[in-house]
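Peer 1: sequence and predicted model, in that order:
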Amino acid sequence: MGIRGPIAPERRNLPPISLLEKATLAMAVPKRRVSPARQGMRRSHQHVKRKQNTYCDKCSNPILPHHVCWNCGYLNTQGREAAPVKEEKES
């Protein structure tokens, strides 16, 4: 008898099983279906957060944080003009 019990008669004269063959013999399969509550707990960190708006200090337009204001070219984080705004020609 081996550690895991008697060897089957058809395996006694064969070479030992390689790791690759052992991996293909048995796979991990869940015994029961995963409930929606457990599935939700597993995915709880994957939720999507809403984008936060901030407002430009100069013109009060809503902008994304750490972005240049599309209206006046002001950048809140550095407190200076990041890009000069082109004036539109009136015709």
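Peer 2: Received it, and whenever you're ready, just let me know what you need.

Peer 1: show me where this protein has its helices.
Peer 2: 19-25, 36-42 (DSSP state H).

Peer 1: mind checking the pLDDT average for the first one?
Peer 2: Helix 19-25 shows a mean pLDDT of 66.

Peer 1: before we move on, what about stretch 57-69?
Peer 2: For stretch 57-69, mean pLDDT rounds to 86.

Peer 1: buried residues, that stretch. List them.
Peer 2: 63, 68-69 (16 or more other CB atoms under 10 Å). Every residue, glycine included, has its C-beta placed from N, CA and C.

Peer 1: of those, closest to Leu75?
Peer 2: Val68 (5.1 Å; CB to CB).

Peer 1: just the buried residues of stretch 57-69: which are in strands?
Peer 2: Applying DSSP state E to those, the entries found in strands are Ile63.

Peer 1: got JSON lines for the buried residues of stretch 57-69, with distance to Leu75 too?
Peer 2: Listed next are these as JSON lines, based on distance: CB to CB, whole Å:
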{"residue": "Ile63", "distance to Leu75": "10"}
{"residue": "Val68", "distance to Leu75": "5"}
{"residue": "Cys69", "distance to Leu75": "7"}
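
Peer 1: nearest to Met41 among the buried residues of stretch 57-69?
Peer 2: Closest approach between those and Met41, by CB to CB: Ile63, at 36.2 Å.

Peer 1: I'd guessed the closest one sits against Trp70; true?
Peer 2: Yes. Proximity of Ile63 to Trp70 meets the contact threshold set by CB atoms under 8 Å, at 7.1 Å.

Peer 1: and which of the buried residues of stretch 57-69 is nearest Ala28?
Peer 2: Looking across the buried residues of stretch 57-69 and measuring by CB to CB, the closest to Ala28 is Ile63, at 49.7 Å.

Peer 1: measure that closest one to Lys49 for me?
Peer 2: Ile63 sits 18 Å away from Lys49, going by CB to CB, to the nearest Å.

Peer 1: same check on Pro62?
Peer 2: Distance of Pro62 to Lys49, given as CB to CB: 17 Å.
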